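Asks: I need the structure of the sequence given here:
(chains A, B and C)
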Amino acid sequence: MGVTIRTLHPWAVDAAEGRRLQHTLREQLCLKTPRGFRPQRVAGIDAGIVDGGRTIRAAVVVMSLPDLQVIAQSVARAPAIMPYIPGLLSFRELPGVVAALERLEVTPDLLLCDGQGIAHPRRLGIAAHLGLITDLPAIGVGKSRLVGTYREPRSEKGATSGLYDGHERIGTVLRSRDHVRPLYVSPGHRMSHEDAVHWVLACCTRYRLPEPQRAADRLASAKEAPA
DNA sequence: GCGACAG
DNA sequence: ATCTTGTCGC
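Replies: Predicted coordinates for the structure are as follows:
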């Protein structure tokens, strides 16, 4: 029941140590989708700050596939120890996310995370990092770009364009609905580029963001603070 | 040295 | 991330 978290390292690190850990951890990433992968429970994950910046509050909402009905949800908080440093977001937000996952009553098949997967300077964005410590398939869904170059995808829903760092494919720029700014989708762990796009689209109905993430957003920033 | 820079 | 209302456009 719930999600088991592997403790691979401490969260409070300085920038140099954080980057060193990322270089080491990326070696353990798997960019292949499990054989016959058919997720039935997708978790949308989001984190935000409260207490005027002193606390991270994270929310997880698990939905069924393909119907996208809420199955379970959880909220938790953790001290905001680390500042926000581009490239080191996971060290700041994951402590809260881990706390929320630990109190979840079900085990998701797939994690959709706000931010990048491998579309990161050292290929270890928050979705890749979370996938590693949970050992679950994970996808990074960013609302904006961290690194990489691309050609603008066409404006209809489903249009895609490769995101590259030099000649290396690091993600996909995806139009999740007609005439909206695209999403930056990249594999986190146990996931291919192609399947990442497929499952993100499977969660997008009438809004730019996947439903599980919209639900998690609401929960994480709800005024009636559950946690 | 200068600009870029997930949430 | 967060500050903030109505408004223009697909």
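
Asks: for A:Ala225, give me the pLDDT.
Replies: A:Ala225 carries a pLDDT value of 61.

Asks: next one: A:Gly125
Replies: Looking at A:Gly125, its pLDDT is 98.

Asks: what's the separation between it and DNA strand B?
Replies: 3 Å (CB to the nearest atom of the strand, to the nearest Å). Yep, even glycine has a C-beta here, placed from its N, CA and C like the rest.

Asks: just checking, what packs against the helix or strand harbouring A:Glu17?
Replies: Assigned by DSSP states H and E, A:Glu17 falls within helix A:15-25. Packed against helix A:15-25, as judged by 3 or more CB pairs under 8 Å, 6 or more residues apart in numbering; DSSP states H and E, are the following elements: helix A:126-134.

Asks: by contact count, what packs against whatever helix or strand comes next after the helix it packs on?
Replies: Sequence-wise, the next helix or strand downstream of helix A:126-134 (DSSP H and E) is strand A:138-142. The contact analysis (3+ CB pairs under 8 Å, 6+ apart) places strand A:138-142 against strand A:110-114, helix A:126-134, strand A:183-189, helix A:193-202.

Asks: just checking: what are the partner strands of strand A:138-142?
Replies: Using DSSP bridges, the strands paired with strand A:138-142 in its sheet are strand A:110-114 (parallel), strand A:183-189 (antiparallel).

Asks: got those as a markdown table, with mean neighbour count, distance to A:Arg26 and mean pLDDT columns?
Replies: Output for the strands paired with strand A:138-142, formatted as a markdown table (neighbours: other CB atoms under 10 Å; distance: least, CB to CB, whole Å; pLDDT from 0 to 100):
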| stretch | mean neighbour count | distance to A:Arg26 | mean pLDDT |
| --- | --- | --- | --- |
| strand A:110-114 | 28 | 16 | 98 |
| strand A:183-189 | 29 | 10 | 98 |
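
Asks: could you dump those strands to a markdown table with distance to A:Glu211?
Replies: As requested, the strands paired with strand A:138-142 are exported to a markdown table (distance: least, CB to CB, whole Å):
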| stretch | distance to A:Glu211 |
| --- | --- |
| strand A:110-114 | 9 |
| strand A:183-189 | 13 |
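
Asks: and A:Tyr207, what helix or strand is that in?
Replies: With DSSP H and E as criterion, A:Tyr207 is part of no helix or strand.

Asks: pretty sure it contacts A:Arg214?
Replies: Yes: using CB atoms under 8 Å, A:Tyr207 makes contact with A:Arg214 at a distance of 6.0 Å.

Asks: hmm, the biggest helix by length in chain A touching DNA strand B?
Replies: In terms of residue count, the longest helix belonging to chain A (DSSP state H) is helix A:89-102. Yes: among the residues of helix A:89-102, A:89-90 lie within reach of DNA strand B under CB under 7 Å from any atom of the strand.

Asks: does that helix come close to DNA strand C?
Replies: No: Helix A:89-102 stays clear of DNA strand C (CB under 7 Å from any atom of the strand), getting no nearer than 9.0 Å.

Asks: could you dump that helix to CSV, C-alpha only?
Replies: Extracted C-alpha coordinates of helix A:89-102, given in CSV (Å, rounded to 0.1, in the frame of the first residue of the first chain):
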residue,chain,number,x,y,z
LEU,A,89,14.4,22.3,-8.0
SER,A,90,14.0,18.7,-6.9
PHE,A,91,16.0,19.2,-3.7
ARG,A,92,13.7,22.0,-2.7
GLU,A,93,10.3,20.4,-3.5
LEU,A,94,10.8,16.6,-3.2
PRO,A,95,10.8,16.5,0.6
GLY,A,96,7.2,17.7,0.5
VAL,A,97,6.3,15.3,-2.3
VAL,A,98,7.8,12.4,-0.5
ALA,A,99,5.7,13.2,2.6
ALA,A,100,2.6,13.3,0.5
LEU,A,101,3.3,10.0,-1.3
GLU,A,102,4.0,8.3,2.0
